[in-house]
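[1] here's a sequence, model it:
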Amino acid sequence: MKRLWKHIAECKDQKCLVPHCVSSRYVLSHYHRCKDVRCPVCGPVREAIHRSHEKQKQMQALKQRHQQAVQQNQNEEKIPAGAALAPPPVQHQQGFGYPSKPQPMSQQPGVPSTASVPPKITVPPIAGVKFANGQVITPKFTGPKPQEDHTLINCFSVEQIETHIKSLNKGLQLPPLKLKVKCLEVLKVLQGHQHGWVFNSPVDPIELGLPDYFEVIKIPMDLGTIRKKLENGCYHSLDSFHTHVHTTFDNAMLYNPEGSVVYNMANEMKTKFKQDFEILMKQLNADEDVKRRNGEACSLCGCEKLLFEPPVFYCNGLSCPSKRIRRNSYYYVGGNNQYHWCHQCFQELKDNQLLELADVSIRKEQLTKKKNDETHEESWVQCDRCERWVHQICALFNTRQNKDQRSEFACPRCTIEERKKTGRLEATSSTPMAEDLQRTKLSEYVETHVRVKMAEHLKELAEEKVLKEGMDLEEAKASVTMGGTITIRQVTSMDRKLEVRERMKKRYAFKNYPDEFTYRCKCFVVFQNLDGVDVILFGLYVYEHDEKNPAPNQRAVYVSYLDSVHYMRPRSMRTFIYHEILISYLDYVRRRGFSTAHIWACPPLKGDDYILYAKPEDQKTPKDDRLRQWYIDMLIDCQKRGIVGRLTNMYDLYFSSKENNATIVPYMEGDYFPAEVENIIKDIEEGKVGKKTGGKEGKKKKGDKKQKKKGGRGGTRSSGIDEDALKASGIQFPGKDQKSLEEGGRDYVMVKLGETIQPMKESFIVAHLAWKGAKKENMVVPRAIQEYREKHNIKIEDEKEKETEAEPAPVIYVLDSKGRRVKVIDDDAEEMDCEFLNNRQAFLNLCQGNHYQYDHLRRAKHSSMMVLWHLHNRDAPKFVQQCTTCSREILQGYRFHCPICADFDQCQDCVQNPNTPRHPHQLKPIAVAGQQTELTEAQRKERQRSIQLHMTLLQHAATCNSTKCPSANCTKMKGLLKHGSQCTVKATGGCNVCKRIWALLQIHARQCKAQQCPVPNCMAIRERVRQLKKQQQAMDDRRRQEMNRVYRGAR
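    Have a look, this model is predicted:
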């Protein structure tokens, strides 16, 4: 038996042939997951473990007394268990600065957990080890505990904390099974009542002769229907069940006159239900209070186990690059769990093939097989005062601030109690919020505009209420106020380059078509202060191609991605505010000399997110026609205000003339055009033009061949050319003849593209902006718009006024709400680099990797708090490891990593704790980078200058072959590069020298465009960046293909 247990502990083979191995591991797996105390499988096992545990306690006590007696007779202290894994002593320079003897560590109040119920033990007990909330608890720290701002609650007033707690308490949140059982108990009593037969089935108006029943009763309901809904799991809360039962009896009392037999029956049944339901609620509330007191449920929200959205993995293989790996399918992982291959791509890899990735080289046999069925649970934190457990999200707990793992934590309820005792009802500390983010000219212009328009709109709503409802003006104003301050900040402004794809570049080289387009990527975010937290509600990415860009992108703005969640208060203001944001932005860019704005009105597909990760369940994704109308309504308002002239679409603007070719259509990042044109050119080169694919057209019917011969038509709908006959005769396909294209012949790419987008042309919106160089024909608007302008005396500003406003101001300073003098930077002159917001895919990866979700308000608050922390600490690491034993995030010191097991790291506390079970493999200590403070403006400028000097030196050292180079810095740089190629620790292992080299190489790779760069790892890093772009392109391709499928099927 011992041999079998030893084998099971190390075996990972799903098809192991050792007797009882697979079956035993299956039973153990069931035991770990099962929560049912009365489970017939687990029950005997739990009883046996309990008896064994009691025996172990007795043996452990005897063993400890024996060890104490032995230690008293020894002169030297012996190394305790686990010290073999501890780092070397302090005196060694290469050591890690920790004593070899473990010190007593604190019981971490802020320990996160991955178990559902804090006090339950979900693993077999181990002698000397305490478990709580599914994690190992280290001995209680008796020293003083510093108080730190690792929770946003300290920045709240008592009133805001109470409001926050109230927003978390959603009443009784029962699991589906318990909800079903409890409600069925009450329902069975009602159905078995002497009058229950009357209400057990739906009312049949025809059989009962009630022709006006459905005219009186708008929501028919009966106990039989309610029972079916319960058994099918249709109810998610007690309130919905309670409402439907009441509706059943209320309908009977409404339709039947008072005093009638049915009325009296319904009244009696309703009274009976009220009594039974009240008893049930008292019982459930009592159970809930016991759970909260005992720590089995969160003392704030009352919930137990809450799961995050399952993680998303993208394939790095060649067959399906950047496609999501299906849920519950097998995949392979490698490279510190950063790279993934689906089963198909893994099979295509050759044995012993070396995979050159951005920061690591691995072989096929080093990849680990996994199943994509992971689930992650919300972490917990324990209050040091009342010792109750709460979800970290509910407590707005920031684990990144909890670095020493010993600071005191007080839950919101204890904080309120302490504040009221001391009389400090206001906030006791301050944390940088949305208002403290960097201000730019763009964000100031948009925010000022939105606030002015918002005040005007609220005033109009109040006056309208006065006229309709006859209330006092002040009372009306109070009823239409915003639920919190709106803050708009720009978070990134970076110059980026869009490389033209190969086929497009090759086909139109004779037109001197550019190899790349430079544009300015900008992102700004909208916050609203909800219950004291600045919550992200809206995000927008725009790409600006200025006057220096070549045609066709010159002076063009592309509204790339837009995303929001519906938590704004009041919700009715969402459309108005988001429209005003876009209107003010278009007004801002047309003053700067941009001539056109391009919008592709295409909603995301199911399962895809543009910017904000995981939307609320009750938030619907708009259909393409509704989204298109949403944009059109905004642009019509722009026309009324003289910001936009003529509204058109891509098809009418670029495809109306047969002389136009594909070089006239703007080439934008993430747009429909680049990928579709590339596919059309590929089909032309491969001879696939004219073949009908997709939808009903791709299905052949009986007799198609005869009809085709008889009609004598084939190919595309417009040409009538028989493509098969052309191919057989050796004649070139239309548009493939490069010579005729260069001589001015019609571009067949435009023909095919025009046919494709013609049914959906209204989705490709083009707005001509009223800039100083606008042509008169582009400023023509409908008569209704012109009449509105004349009625409201709206005039388009002349050039002199525009030029005056466009003059750049030197340096602008404004006062914030706290009276501080804040600089407003020029977002066009200065770069705002934000690694995780420079593109939407990087931000999505940050949110997915750290579980920053927006599907519930409580999660949206916590996620926004953490995103703000990242924005104020941009140099801090974006992802950190968690200790596998105690689940704490390892933020400082060293983490002890297992190179054999996947995702196994231990913190120093657990490694040095003699009571923690030792890992079977040797652990490798890796230094954890400390959190960097935010740099000042002068430090950032000096850093930029130093980086540029290092870039020049790096390029020189990589190409310099001289052994006697006169530059002393060249020798140093060569030494650093040599260290980077030979170091076995590497940057991921904690080598500080490698980290500096890696940072320089990444900066160089972002700027480098050479086809064969001599700088080490440059090509690999650029490939990693391309993988990120491929993920974004994969989503764009999915929505483009879905749009093609829908409209091809409709025509």
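[2] specify the local secondary structure of the closest residue in space to Gly744 that isn't next to it in sequence.
    Of all residues not flanking Gly744 in the chain, Glu659 sits nearest, at 7.8 Å (C-beta to C-beta, 6 or more residues apart in numbering). In short, each C-beta sits where N, CA and C put it, glycine included. When classified by DSSP: H, G, I helix; E, B strand; the rest coil, Glu659 comes out as coil.
[3] any idea how many residues pack against Glu659?
    Glu659 has 9 neighbours, counted by other C-beta atoms under 10 Å.
[4] swap in the one 10 residues further on?
    When neighbours are defined as other C-beta under 10 Å, Glu669 has 22 of them.
[5] surely it meets Tyr543?
    Yes: the criterion here is C-beta atoms under 8 Å, and Glu669 meets it with Tyr543 at 5.8 Å.
[6] what's the overlap in contacts for those two?
    Counting by C-beta atoms under 8 Å, 6 or more residues apart in numbering, the residues touching both Glu669 and Tyr543 are 519, 558, 560.
[7] average pLDDT for stretch 508-523, rounded please.
    For stretch 508-523, mean pLDDT is 93.
[8] Lys465 contacts Ala476, doesn't it?
    Yes: using C-beta under 8 Å, Lys465 is in contact with Ala476, at 4.2 Å.
[9] out of these two, which sits in the more crowded spot?
    Neighbour count, other C-beta under 10 Å: between Lys465 and Ala476, Ala476 has more, with 21 against 18.
[10] that's a strand at that one, yeah?
    No: using three-state DSSP, the assignment for Ala476 is helix, not a strand.
[11] who's in contact with it?
    Ala476 neighbours (C-beta under 8 Å, 6+ apart): 461-463, 465-466, 469.
[12] rebuild these as a markdown table, extending it with distance to Tyr894, pLDDT and secondary structure.
    Formatted as a markdown table, the contacts of Ala476 follow (distance: C-beta to C-beta, whole Å; pLDDT from 0 to 100; DSSP: H, G, I helix; E, B strand; the rest coil):
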| residue | distance to Tyr894 | pLDDT | secondary structure |
| --- | --- | --- | --- |
| Leu461 | 59 | 92 | helix |
| Ala462 | 61 | 92 | helix |
| Glu463 | 65 | 91 | helix |
| Lys465 | 63 | 88 | helix |
| Val466 | 67 | 90 | helix |
| Glu469 | 67 | 85 | helix |
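[13] may I see the ChimeraX selection of the buried members of these?
    Selecting only the buried entries of these in ChimeraX, with 16 or more other C-beta atoms under 10 Å as the criterion:
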select :461,462,465,466
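[14] nearest to Gln841, of the contacts of Ala476?
    Leu461 (39.0 Å; C-beta to C-beta).
[15] pretty sure the closest one contacts Val480?
    Yes: the criterion here is C-beta under 8 Å, and Leu461 meets it with Val480 at 4.6 Å.
[16] looking at the residue nearest the centre of the chain now. What's its pLDDT?
    Centroid-nearest residue in the chain: Tyr613, 2.7 Å away (criterion: C-alpha atoms, centre = their mean). With respect to pLDDT, Tyr613 scores 93.
[17] which residues are in contact with it?
    309, 844, 847-848, 852-854.
[18] just give the nearest non-adjacent residue to it, would you?
    Nearest non-adjacent residue to Tyr613 (C-beta to C-beta, 6+ apart): Cys847, at 3.8 Å.
[19] now for that neighbour, how many residues are close by?
    22.
[20] what's the closest non-adjacent residue to Ser329?
    Asn372 (5.6 Å).
[21] where's that neighbour relative to Asn328, distance?
    From Asn372 across to Asn328, the span is 6 Å (C-beta to C-beta, to the nearest Å).
[22] Ala597 reaches Val766, doesn't it?
    Yes: Ala597 is in contact with Val766 according to C-beta under 8 Å; the separation is 7.5 Å.
[23] more neighbours, the two?
    Ala597 (24 against 19).
[24] state the pLDDT value of that one.
    Ala597 is assigned 97 on the pLDDT scale.
[25] can you list the strands that the helix or strand containing it pairs with?
    Using DSSP states H and E, Ala597 sits within strand 596-600. Partner strands for strand 596-600, per DSSP bridges, with pairing direction: strand 556-564 (parallel), strand 764-769 (antiparallel).
[26] Trp341: which of those is closest?
    If we rank those by C-beta to C-beta, the stretch that ends up nearest is strand 556-564, at 28.2 Å.
[27] buried residues in the next helix or strand after that closest one?
    Helices and strands here follow DSSP H and E; after strand 556-564, the next one along the chain is helix 574-591. Across helix 574-591, burial judged by 16+ other C-beta under 10 Å covers 574, 577-591.
[28] what sits up against helix 574-591?
    442, 445-446, 449-450, 453-454, 457, 486, 488, 526, 538, 540, 542, 544, 557, 559, 562, 564, 566, 568, 597, 630, 633-634, 637-638, 641, 643-644, 767, 769-771, 802, 805-806.
[29] could you check the angle strand 556-564 makes with that helix?
    With axes from the mean of the first three to the mean of the last three C-alpha atoms, to 10 degrees applied, the angle from helix 574-591 to strand 556-564 works out at 160 degrees.
[30] average pLDDT for helix 574-591, rounded please.
    96.
[31] check the offset of that helix from the chain's centre.
    Relative to the centre of its chain, helix 574-591 is centred 25 Å away, using C-alpha atoms, centre = their mean, to the nearest Å.
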